[in-house]
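>>> predicted model, plus sequence, below.
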Amino acid sequence: MDDDGGKRPGDLYRTDGDGFTEKVLEGIHIPNTIACSPDGDRLYVADSRLQTIFVHDMDPRTGALSNRREFASTRGEDCAPDGSAVDVEGCLWNAQWGAWRIVRYAPTPDPAAAKAWLGLFEQRFDILLLRTIRVRNVITHGGITVPAVVGSVVRFVAALEPLVLGAR
C-alpha cells in the first residue's frame, strides 16, 4: 500500500517453498485479510479502500487463483474490512475499521447471519487477542463520547476453535 490512501494500487505475490516468487493478484489498493479456508480451496483478500472482501478459488496443491468474486462488503457504511482470521468451521472473522466490531461470516454468506485488528490465538488456541489503535483522543459513537483506548490489547476467550494451519 502506498502512503496516499491506496490511490496507487499494488500487487500480491506468492513465494513457493523453493523460493520461486510470482504475482498472483494486481490492482489492490489497501490490502487486508489474506486468509485461506480450512481445506485450502479458497483465498480471502480484502481491499479496504473498496470496502470489499473478495474470495478466490484456490488450487490447494499449486496455489493458483481463479474465479474472483465479492464475498462481503461494507459499502454504504462508515467502515472498511481490515484484518481477518478463519476458524475451523470455515467462517471468516473480520475486524471492521471504523465500525467498532468484529463480524463472523459463514463460508457461504447469509444476509441474515451476523456480520480493530484481529490478532493471534495463544498456545491453547482458544484466546482471541485484539490490538486497539487511536485515530483521535475521544470517540463519539451512537451519540456517546468516550475516551479512546490507545494501544491496548484486549483478551477474549473464543467460543469456537480456530483454524490451526497444518492440522488435519
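That came through fine. Residues are numbered from 1 along each chain as shown.
>>> contacts for stretch 27-45 next, please.
For stretch 27-45, contacts defined as Cβ atoms under 8 Å, 6 or more residues apart in numbering pick out 1, 5-7, 9-12, 25, 46-50, 53-60, 65, 71, 80-86, 88-90, 92, 94, 107, 163. In this view, the C-beta of every residue, glycine as well, is placed from N, C-alpha and C.
>>> just the buried ones from those residues, in ChimeraX syntax?
Typed into ChimeraX, the line below selects the buried ones among the contacts of stretch 27-45, using 16 or more other Cβ atoms under 10 Å:
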select :1,6,9,25,46,47,48,49,50,53,54,55,56,58,65,71,80,81,82,83,84,85,86,92,94,107,163
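>>> what's downstream of the helix or strand encompassing Ile34, the next helix or strand?
The secondary structure element spanning Ile34 is strand 31-36 (assigned by DSSP states H and E). Next in sequence after strand 31-36, counting helices and strands by DSSP H and E, comes strand 42-47.
>>> beyond that next one, next helix or strand please.
Elements were assigned by DSSP H and E; along the chain past strand 42-47, the next helix or strand is strand 52-58.
>>> right, I'll call it a day here.
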